[in-house]
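>>> Here is a sequence with its predicted model. Questions after.
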Amino acid sequence: ALRLSYLRSGGQDPAILDQLLHLQLEATVLEKGAAGLRRGRRMAEPPSPGTHDLDAALLAVELENRRLEDELLAMKVRRERRADAGSRAAQRHTEELAQLQAEVGMLRCHAEQTRPWLHPPVFPHPIAPPLPP
């Protein structure tokens with residue numbers, strides 16, 4: 001639970017992850033020892049020669065599986081954060097674009113109101129009547 005909490009809060013330090021895995025391995029060994037005592041197994045009874053090697057191999061595989069699960073979880077968390085960051089950036093760009101489009105519209109409207117309207121050209125009236133053909 002501690003390891004998962006660390007990963008979900010963004011922890012990525014390999015040294016800390018290794019320490020957490022080591023603590024988890026110790027806890028697993030202690031739990032198996034306590035479970036063996038509860039089943040009535042005596043501590044004085046030596047385990048069979050191959051059992052210790054199998055337990056060690058099993059714990060090593062279990063430890064590696066957990067380490068890989070941690071890596072997967074960390075990758076998923078990073079991917080989600082990148083997706084969230086990309087989504088927020090796209091939203092911010094959309095908002096900026098809308099604001100710029102509104103400003104352009106206001107500037108066009110302002111330019112149309114302040115632009116001097118050009119009247120049709122006024123030619124002076126002829127002073128003399130036109131010459132006959």
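Okay, I see it.

>>> residue ranges with poor pLDDT in the chain?
34-51, 115-126 (pLDDT under 70).

>>> which SS class is T94?
helix (DSSP: H, G, I helix; E, B strand; the rest coil).

>>> give me the number of residues near it?
Counted with other CB atoms under 10 Å, residues neighbouring T94 total 10. C-beta: built from backbone N, CA, C; applies to glycine.

>>> what's the distance between it and A102?
To A102, T94 is 13 Å away according to CB to CB, to the nearest Å.

>>> quick one: secondary structure of the residue nearest the centre of the chain?
The structure's the chain has its C-alpha centroid closest to R81; by CA atoms, centre = their mean the separation is 0.9 Å. At R81 the chain is in helix, as set by three-state DSSP.

>>> Contacts only, for it.
If a contact means CB atoms under 8 Å, 6 or more residues apart in numbering, then R81 has G10 as its contacts.

>>> Okay, it and Q12: tell me how far apart.
In terms of CB to CB, R81 sits 11 Å off from Q12.

>>> Helices of this protein, residue ranges please.
Here the chain has its helices, by DSSP state H, at 2-8, 14-38, 49-114.

>>> Deepest-packed of the ones you listed, please.
Most buried of these, by mean neighbour count (mean count of other CB atoms under 10 Å): helix 2-8, with a mean of 14.
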